[in-house]
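In: Predicted coordinates and the sequence they were generated for:
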Amino acid sequence: LFAKGPELNPSRKLITGVICGIRVEEIKEPLMQEIRYLDKLIDELARGKTMKKILRV
């Protein structure tokens, strides 16, 4: 999915915080980190935060 999907936003690496008890910025395995970035993004959007605030742009 990630290899064949659309280009990922470069600002996604600015997403920080904890998802499922793990800090997303500390995840070592690249694929799992991409998955957790999406998890965090969805959680924050569900809480009413804007993309601009989540991606820190």
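Out: All right, it came through fine.
In: Mind listing residues that contact the longest helix along the chain?
Out: As assigned by DSSP state H, the longest helix anywhere in the chain is helix 30-46. With Cβ atoms under 8 Å, 6 or more residues apart in numbering as the test, helix 30-46 has contacts from 2, 8, 12-13, 15, 17, 19-20, 22, 24, 27, 51, 53-54. C-betas here are computed from N, CA, C, even on glycine.
In: can you redo these as JSON lines with neighbour count?
Out: Formatted as JSON lines, these follow (neighbours: other Cβ atoms under 10 Å):
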{"residue": "F2", "neighbour count": "11"}
{"residue": "L8", "neighbour count": "12"}
{"residue": "R12", "neighbour count": "16"}
{"residue": "K13", "neighbour count": "15"}
{"residue": "I15", "neighbour count": "21"}
{"residue": "G17", "neighbour count": "13"}
{"residue": "I19", "neighbour count": "19"}
{"residue": "C20", "neighbour count": "9"}
{"residue": "I22", "neighbour count": "14"}
{"residue": "V24", "neighbour count": "23"}
{"residue": "I27", "neighbour count": "16"}
{"residue": "M51", "neighbour count": "12"}
{"residue": "K53", "neighbour count": "10"}
{"residue": "I54", "neighbour count": "22"}
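In: So which of these are in helices?
Out: M51, K53, I54.
In: which non-adjacent residue is nearest the second one?
Out: By that I understand K53. The shortest distance from K53 to any non-neighbouring residue, by Cβ to Cβ, 6 or more residues apart in numbering, is to E44 (7.9 Å).
In: Give me the pLDDT for that neighbour.
Out: Reported pLDDT at E44 in the predicted model: 93.
In: Would you quantify the distance from it to K4?
Out: From E44 across to K4, the span is 26 Å (Cβ to Cβ, to the nearest Å).
In: So between those two, which is more surrounded?
Out: The neighbour count for E44 versus K4, taken as other Cβ atoms under 10 Å, is higher for E44 (18 against 5).
In: That's all I had, so thanks and see you.
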